[in-house]
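Colleague: Build me a model from this:
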Amino acid sequence: MESELIGYARKSRNGNALKLSISTTAFEEAQRYSTKNGEEFVGLILNVDHVYQLLEGEKDVTSICQLVD
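Modeller: Okay, the predicted model is just below:
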């Protein structure tokens with residue numbers, strides 16, 4: 001399975017939050033799925049190890065992706 005880059009995650013300047021930057025074009029083109037009640041979602045993934053590294057200050061940025069068929 002391949003992945004498509006959708007955006008990036010960074011630690012906020014004050015360090016109390018993660019800042020997500022999502023490409024509007026990539027989001028509009030992303031694959032969607034619907035739930036039984038008709039809501040539509042875009043499934044995104046972040047590497048957990050990379051998120052920990054962000055939180056610990058070992059990494060400045062990590063990617064936000066979508067797995068595609």
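Colleague: Can you show me the strands along this structure?
Modeller: 2-11, 18-22, 33-34, 40-41, 61-68 (DSSP state E).
Colleague: how much space between residue 20 and residue 68?
Modeller: Applying Cβ to Cβ, to the nearest Å, the value for residue 20 to residue 68 is 19 Å. Where you see a C-beta, it was placed from the backbone N, CA and C, and this is true even at glycine.
Colleague: So which of the two has more stuff around it?
Modeller: residue 20 (13 against 10; other Cβ atoms under 10 Å).
Colleague: pretty sure that one is touching residue 62, no?
Modeller: No: between residue 20 and residue 62 there is no contact under Cβ atoms under 8 Å: 10.5 Å.
Colleague: Please enumerate the shared neighbours of these two.
Modeller: Both residue 20 and residue 62 are contacted by 8, 9, under the criterion Cβ atoms under 8 Å, 6 or more residues apart in numbering.
Colleague: can you state the direction angle for the longest helix belonging to the chain and strand 2-11?
Modeller: Secondary structure of the chain per DSSP state H: the longest helix is helix 48-56. Computed with axes from the mean of the first three to the mean of the last three Cα atoms, to 10 degrees, the direction of helix 48-56 lies at 20 degrees from that of strand 2-11.
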